[in-house]
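S.K.: Structure for the following, please:
(2 chains, ligands or ions: 1)
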Amino acid sequence: MADYLPHTNDELRSMLDFLGLSSTEELFNAVPEALRLARGLEIADGMNEPDVLSRFEERAKRNTARSDQMLCFAGSGAYDHELPPVVKALAGRSEFVTAYTPYQPEVAQGVLQAIFEFQTMIARIYGLPVSNASLYDGATALVEGVNLGVASSGSNRVVLSAGVHPHWRQVVATFARGTGHHLEVVPLIDGLTDFSAIEGTCGVIVVAQPNYLGGLEDLSAVRALCDRTGAIMVVAADPVASGVLKTPGSYGADVVVGEGQGFGTALSFGGPYLGLFACSIKEIRRLPGRIVGETVDVEGRRAYVTTLRTREQDIRREKASSNICSNQTLMAVAASIQLGWLGTEGFAEMALACARGTRYLANHLKGGSGATLLHPDLGVFRELAVRTVKPATQVVNEMAARGFLAGIAVSALTGGPDPSLSDDVLGHVLLVSVTERRTAKEIDDFAAALEEVAK
Amino acid sequence: MTTLNTAAGGKASSAPLMGKDAEPTIFELSQPGRSAYQLRTTGVPQWSAEELFDASLLSDHPVPLAEVSERDLVAHVTRLSHRQFSVDLGAYPLGSCTMKYNPKICDAVASMPGLAGVHPGAPASLTQGWLETFVSLERALCEVTGMAAATLQPAAGAAGELTGLLLMRAYHEANGDVRRRIIIPDSAHGTNPASVTLGGYEVTTIASDDRGCVDLAALKAALDTDVAGIMLTNPNTLGLFEEDIAEIAAALHNVGGLLYYDGANLNAIMGVVRPGDMGFDIVHMNLHKTFATPHGGGGPGAGPVAVSPRLVDFLPGPRAQEVAPGVYDWVKPPKSIGRVHGWHGNSLVLARALAYIEVHGGDGLRRVSERAVLNANWIRQRLSAKFDVAFDRPCMHEVVLSLAKLRKDHGVKALDMAKRIMEEGFHAPTVYFPLIVDEALMIEPTETESLQTLEALAQAFEVALDDALNNEQAVFAAPRTTPVGRVDEARAARTLVQTFDARG
Ligand SMILES: Cc1ncc(COP(=O)(O)O)c(C=O)c1O
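M.R.: Have a look, this model is predicted:
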């Protein structure tokens, strides 16, 4: 009989009396008898909290890939970054956790201001003037970016680099069933997108930076292509890379989307994550989701409020720029705290540490034979495509026995053929990632084990 | 009632505040040279950026963030938290939002390293605990809704809606059937029509009848073989049960259309009546409402979509399935519409919901709905002496008042009343939704508020009404007890300051 209901038996009786009812069943008089469930729900009896916790501990034990017990070298859009106690403590404050959407700004200044700070940080990181209060995740942020691009350009011809994460490409394809966008996927050649076949007018061109095999694309060339074809330039960008590399905005991207999990959110088995979105001023009225603006209250004190609301579904209904309502605000708040903790210097330091660790691992693999770099000459940030002699899925399983989550087999991500990799190569590519949390010793041990296992 | 002499646990008017100053932004707290971060000592060679990257790629200046000490960061964020209302602080009777208490055990589950520390790309063999969690949750949700199978991928209700519409589309297309329209009632939530457009359909809106329900005659007149389906929520957004639901379902099915259930209002009916038994084909659930996962100041949520047998093959995938007793794997449905999330969905939200379900059990979930409906009816009855209830008859889990008369006679709007109620230590109810009620105030007390809290809430409404009738200026000036007073929304839109850098 465990629950969180406050009613005493006396209160129950008096409340029913007040309503002139003799039983709780009568509360449902409006529900036709014939439709009512004549039996109880077939869900096991309730358990007390300690018993439920034990059950989840059992479940947790069966997740052997947990990062506190298996060293994480997997990335591909989900990264094992530092999550300091201070960020956990602050982002876990129940004032943020148990609040609703800030519909009444007078009692929601905390969340509103945190979002305003978040928008500022994301705008700076992507090098564009506008950001929003978050979207669900990187993949759905890309869908929104594509939708914005089509609406802005007036053309639904969407050119998508195959360097975009395979799952994200799949999500874009799923939602294109509804919008009817025409998708053209352009393959990578030698690890970088080959747009040379694209001619004529385009609505949207999407490129990933870095691409999912780790390669750093030439964004200036993509900008030029967009100018030539009239396309809106959408970059799916790793936000951590802005710690060392030029921002996508500085290349003239119109829209930048990305996954913000690396800023204060745990690996979380894929969610809740943080969809990032930034765009140019001219697109602001097509921006999906909520945006917070600074203003004043009746006494002239600084205050924050959601603004440009006429784009949104509750007002614009079927003509809204997006259907999003609930977003990932808590993750945005966590990101603003994490970025505040990192600060200017820490953000750059973390990015550089990722790149150093990745280079350190790459140097190990250069001399190998079981595991080698798929594209040894490509510039990379924190992701490496590793060619394995053994099938990559098997390598992952054998490395797990040695205490490493070695990465992600590309074939597991694509779930089928990939435009950029021939069928005989596809099964032998492992995506490996190194974050600032990996020590030289861990990387040494990993490289040695991988070389042995991958043979 | 003697019990009403006890203090109300959900009244927050004692919350202390230090002063009336604005909190500086973190950028204004920033002092060049200060820092808080501490990263691991790795022993990796300290190559410079120039040694690692082609010079053309490198930024010539760091991205400016903020430069603060850990102490100042903690103080800043803590002060922000003190400028924020939350369920943990007091009652939050926002209609349609189901702001019930969020049990702390669910937080404990979501922070277990064996759940929160798992990479989503790890293979099924190394994540059996997570897959079993998904399968257990899917089973429970299907039992509550009377459906055959579910996808857990959609990240919120709106994402579930669009997923459901794409399922409709795939189903009709597989039957070689081209249909262009989706029917929604004029009382529907804004995400419904917005999702319809993104699903590639046209919206046909039908008016509600004078009882606040679907107008059957209008519905039947709108039906033909061009209709792909209808989106409804039952109880509807007025908190009223659509008593003709069986006839509505039959009418839709007759023309080959499908029924979509917006599960935002599921909290009213668990264990009482199931969408599947009412004739619905597709159901999304807002786990951040009914299943008590905290709303995070606007999200994250989770919007699983459950379907009837004929739609199972189209579900997004891959789905976690029990492939042999106690063994779990990812399986892609044969005619899957594809992924709707970058990974598996908002997993930690899903785990929280399962913990909530396991604490309650089947009978506990029914008790939740009973008490939610009891509380809503109690507040309806309690307020009906002094307020106009929009459709005055027993409601389900929420009730809608109309302040049209107050506005006409005294110039006091629903928004003014909402602001005045906040001075009494409660979050405001929902205002101006559903759109079909003039000057709507929508109250959803939820089952976790006590009788004492309900009484105090009712008194807050009465105090506000008293001011509206006798002391209008006090209502227009409200709220005066909050960190800021009424906010200039027009200015926010006119002179847009969307980042710190956009300040003039
Ligand atoms: C009736 C109704 N439908 C749909 C939604 C959308 O759900 P979400 O915010 O999770 O996208 C809501 C949320 O407020 C709602 O109240």
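S.K.: CA only for contacts and neighbour counts going forward, please
M.R.: Noted.
S.K.: show me what contacts B:Ala502?
M.R.: A:Pro129, B:Leu496 (Cα atoms under 8 Å, 6 or more residues apart in numbering or on different chains).
S.K.: separation between it and the ligand?
M.R.: B:Ala502 is 29 Å from the ligand, where distance means Cα to the nearest ligand atom, to the nearest Å.
S.K.: With adjacent residues omitted, what lies nearest to the residue in the stretch 151-300 of chain A that the ligand sits nearest to?
M.R.: The minimum distance from the stretch 151-300 of chain A to the ligand, using Cα to the nearest ligand atom, falls at A:Gly289 (10.8 Å). The shortest distance from A:Gly289 to any non-neighbouring residue, by Cα to Cα, 6 or more residues apart in numbering or on different chains, is to A:Ile324 (5.8 Å).
S.K.: Correct me if wrong: that neighbour contacts A:Leu287.
M.R.: No: contact criterion Cα atoms under 8 Å: A:Ile324 and A:Leu287 do not qualify, at 11.1 Å.
S.K.: If you count surrounding residues, which of these two has more?
M.R.: Taking other Cα atoms under 10 Å in any protein chain shown, A:Ile324 and A:Leu287 do not tie; A:Leu287 has more neighbours (27 against 24).
S.K.: before we move on, back to that, a strand runs through the residue of the stretch 151-300 of chain A closest to the ligand, doesn't it?
M.R.: No: counting by DSSP: H, G, I helix; E, B strand; the rest coil, A:Gly289 is not found in a strand; it is coil.
S.K.: sorry, back to before: which residues sit in contact with the residue nearest to A:Gly289?
M.R.: Counting by Cα under 8 Å, 6+ apart, A:Ile324 has contacts A:Leu135, A:Pro288, A:Gly289, A:Glu312, A:Gln313, B:Ala158, B:Ala159, B:Thr191.
S.K.: In the stretch 251-400 of chain A, where is pLDDT below threshold?
M.R.: Judged by pLDDT under 70, the stretch 251-400 of chain A has no weakly predicted residues.
S.K.: For it, what lies in contact range of the ligand?
M.R.: A:Ile324, A:Cys325, A:Ser326 (Cα under 6 Å from any ligand atom).
S.K.: The first one: what secondary structure?
M.R.: Yep, that's A:Ile324 we're talking about. A:Ile324 is classified as coil under three-state DSSP.
S.K.: Any idea how many residues pack against the residue lying closest to B:Arg83 once chain neighbours are set aside?
M.R.: Distances taken as Cα to Cα, 6+ apart place A:Gly110 nearest to B:Arg83, at 4.8 Å, with adjacent residues excluded. A:Gly110: 27 surrounding residues under other Cα under 10 Å.
S.K.: Remind me which helix or strand A:Gly110 belongs to.
M.R.: Using DSSP states H and E, A:Gly110 falls within helix A:109-126.
S.K.: and that helix, what does it pack onto?
M.R.: Judged by 3 or more Cα pairs under 8 Å, 6 or more residues apart in numbering or on different chains; DSSP states H and E, the packing partners of helix A:109-126 are strand A:130-131, strand A:275-279, strand A:292-296, strand A:302-306, helix A:329-366, helix B:70-81.
S.K.: neighbouring contacts of the next helix or strand after the longest one?
M.R.: The one in question is helix A:329-366. Using DSSP H and E, the helix or strand that directly follows helix A:329-366 along the chain is strand A:371-373. For strand A:371-373, the external contacting residues (Cα under 8 Å, 6+ apart) are A:362, A:365-366, A:384-389, A:450-451, A:454-455.
S.K.: Quickly run through the sheet partners of strand A:371-373, with directions.
M.R.: strand A:383-388 (antiparallel) (DSSP bridges).
S.K.: I'd like the distance from the strand it pairs with to the chain centre, please.
M.R.: Relative to the centre of its chain, strand A:383-388 is centred 22 Å away, using Cα atoms, centre = their mean, to the nearest Å.
S.K.: Send me that strand as PDB with only the CA atoms.
M.R.: Provided in PDB are the C-alpha atoms of strand A:383-388 (Å, rounded to 0.1, in the frame of the first residue of the first chain):
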ATOM      1  CA  GLU A 383      37.100  10.800 -32.400                       C
ATOM      2  CA  LEU A 384      39.100   8.200 -34.300                       C
ATOM      3  CA  ALA A 385      37.900   5.700 -36.900                       C
ATOM      4  CA  VAL A 386      39.900   2.600 -36.200                       C
ATOM      5  CA  ARG A 387      40.200  -0.300 -38.700                       C
ATOM      6  CA  THR A 388      40.200  -3.700 -37.000                       C
END
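S.K.: can you give me the angle that strand makes with helix A:329-366?
M.R.: 50 degrees (axes from the mean of the first three to the mean of the last three Cα atoms, to 10 degrees).
S.K.: What's the first helix or strand after the biggest helix by length in chain B?
M.R.: Longest helix in chain B by number of residues (criterion: DSSP state H): helix B:347-383. Toward the C-terminus, helix B:347-383 is succeeded by strand B:388-389 as the next helix or strand (DSSP H and E).
S.K.: I'd like the next helix or strand past that next one.
M.R.: Toward the C-terminus from strand B:388-389 - assigned by DSSP H and E - lies strand B:399-402.
S.K.: Any idea how far the very next helix or strand once past that following strand is from the middle of the chain?
M.R.: Downstream of strand B:399-402, the next assigned helix or strand under DSSP H and E is helix B:404-410. Its chain's C-alpha centre and that of helix B:404-410 lie 31 Å apart, by Cα atoms, centre = their mean.
S.K.: now do stretch A:276-287
M.R.: 18 Å.
S.K.: do you know how far the residue nearest to B:Arg83 is from the ligand?
M.R.: Counting by Cα to the nearest ligand atom - A:Gly110 and the ligand are separated by 20 Å.
S.K.: most neighbours, which of the contacts of strand A:371-373?
M.R.: That'd be A:Leu384 among these, by other Cα under 10 Å, with 31 neighbours.
S.K.: hey, what's that residue bridged with?
M.R.: A:Val432.
S.K.: Find the nearest non-adjacent residue to residue 269, please.
M.R.: Picked chain A for this. B:Pro120 (4.1 Å).
S.K.: not quite, I wanted chain B
M.R.: That would be B:Ser369: by Cα to Cα, 6+ apart, it lies 5.7 Å from B:Ile269.
S.K.: I'd say the one you found and B:Asn265 touch.
M.R.: No: assessed by Cα under 8 Å, B:Ser369 is found out of contact with B:Asn265, at 10.3 Å.
S.K.: which helices and strands sit right next to the strand or helix carrying B:Asp416?
M.R.: Using DSSP H and E, B:Asp416 falls within helix B:414-422. When contacts are defined as 3+ Cα pairs under 8 Å, 6+ apart, helix B:414-422 packs onto strand B:430-431, strand B:440-443, helix B:451-470, helix B:472-477.
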